[in-house]
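Chemist: no sequence on this one, just coordinates:
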């Protein structure tokens, strides 16, 4: 086993050992924050005028009796057994069932928003890097600054106003029309399910409802990729090995795609893992704006309704996704760039 591979395995092992500690910290913070904010979940469900005996019975049923430490200890024991609890508002639905029902919609939105962000960000970043100190470069800088600072909900509302209200080209919200049966479930992602089944009508309908939410989230995130690609590609194009390739008569296209762009993409891959976290957070605003029935929208409803187990469970689930993504990004980086040492 080479020293580089051994060092990489040690690094991955350390990350895997630290992952439970990070998840424990996140779960603990969410647990304390939910109970530190004003409001009683029982009053939110039953109303303040409900009989006290009914409130006490429901409080015992959902595990909100006893001291704060006793509740925390019970919550941690449930997490060790991969039990995220049950929803207080529905009481007959576990958090895992909520994740199973709502996460495919969020995953589909995040997938297409990431495709939009990469397509726009990489294109603008490459054009700006290839034309330094020109109007293309200035335009790329302005694009990165403006898109990064735009409020996500405002972008969504503007797209709704233009393409749905004024032009009438696209639906204003939701995921699929209620009057039509959705595609036969395979993965829960309507576009992919319809494609696999050859259901082109439902595929087109799904794309129509998905276009505006994915564009609004993708446009805002694209600025991150544009700035990284522009800066790193420009530095790469000024490196010694690129100059040597030019001196050997290699075509500019080959230099760009075979040499410069590959090395400039390493920071982009690193940012992908970090962007996933911001994308899941941005999905909350996007899903609420477009009434998208995803897990992030369900998280917002749980926060408003003071549904402790649902909020805690969804946040922990998102934290697991981000942790796995960051570890995978490190492995991919080490595979792409042999110079990386751990």
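Modeler: That came in fine, so what should we check first? The structure presented is a predicted model; accordingly, all values stated were derived computationally and were not measured.
Chemist: residues of stretch 313-322 that come out buried?
Modeler: 313-319, 321-322 (16 or more other CB atoms under 10 Å). C-beta: built from backbone N, CA, C; applies to glycine.
Chemist: which residues does the spatially closest residue to residue 41 that is not a sequence neighbour contact?
Modeler: Closest residue to residue 41 apart from its sequence neighbours, by CB to CB, 6 or more residues apart in numbering: residue 306 at 3.7 Å. By CB atoms under 8 Å, 6 or more residues apart in numbering, the contact list for residue 306 reads 34, 39-41, 44, 88.
Chemist: kindly reformat the residues you listed as a markdown table containing neighbour count, pLDDT and distance to residue 115.
Modeler: As requested, the contacts of residue 306 are arranged in a markdown table below (neighbours: other CB atoms under 10 Å; pLDDT from 0 to 100; distance: CB to CB, whole Å):
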| residue | neighbour count | pLDDT | distance to residue 115 |
| --- | --- | --- | --- |
| 34 | 19 | 80 | 34 |
| 39 | 11 | 70 | 39 |
| 40 | 13 | 70 | 43 |
| 41 | 22 | 72 | 38 |
| 44 | 15 | 70 | 38 |
| 88 | 24 | 80 | 37 |
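Chemist: residue 175 is in contact with residue 104, isn't it?
Modeler: No: under the criterion of CB atoms under 8 Å, residue 175 is not in contact with residue 104, lying 9.9 Å apart.
Chemist: returning to what we had before: among the contacts of residue 306, name the ones in strands.
Modeler: Among the contacts of residue 306, no residue falls in strands (DSSP state E).
Chemist: out of those, who's nearest residue 225?
Modeler: Minimum distance to residue 225 across the contacts of residue 306 is 33.9 Å, recorded for residue 34 (CB to CB).
Chemist: quick one: contacts for the nearest residue to the closest one once chain neighbours are set aside?
Modeler: Using CB to CB, 6+ apart and skipping the chain neighbours, the partner closest in space to residue 34 is residue 308 (5.1 Å). Residue 308 is in contact with 34-35, 41, 64, 88, counting by CB under 8 Å, 6+ apart.
Chemist: flag the shaky bits of the stretch 201-342 of the chain, pLDDT-wise.
Modeler: 242, 255, 257-259, 261-262, 266, 273-274, 276-278, 280-282, 333-342 (pLDDT under 70).
Chemist: mark out where each domain of the chain begins and ends.
Modeler: 3-80, 96-304 (automatic domain parsing).
Chemist: just checking, what packs against the helix or strand hosting residue 215?
Modeler: Here residue 215, judged by DSSP states H and E, is contained in helix 200-237. Of the remaining helices and strands, those touching helix 200-237 by 3 or more CB pairs under 8 Å, 6 or more residues apart in numbering; DSSP states H and E are helix 95-130, helix 135-149, helix 152-159, helix 190-197, helix 261-289.
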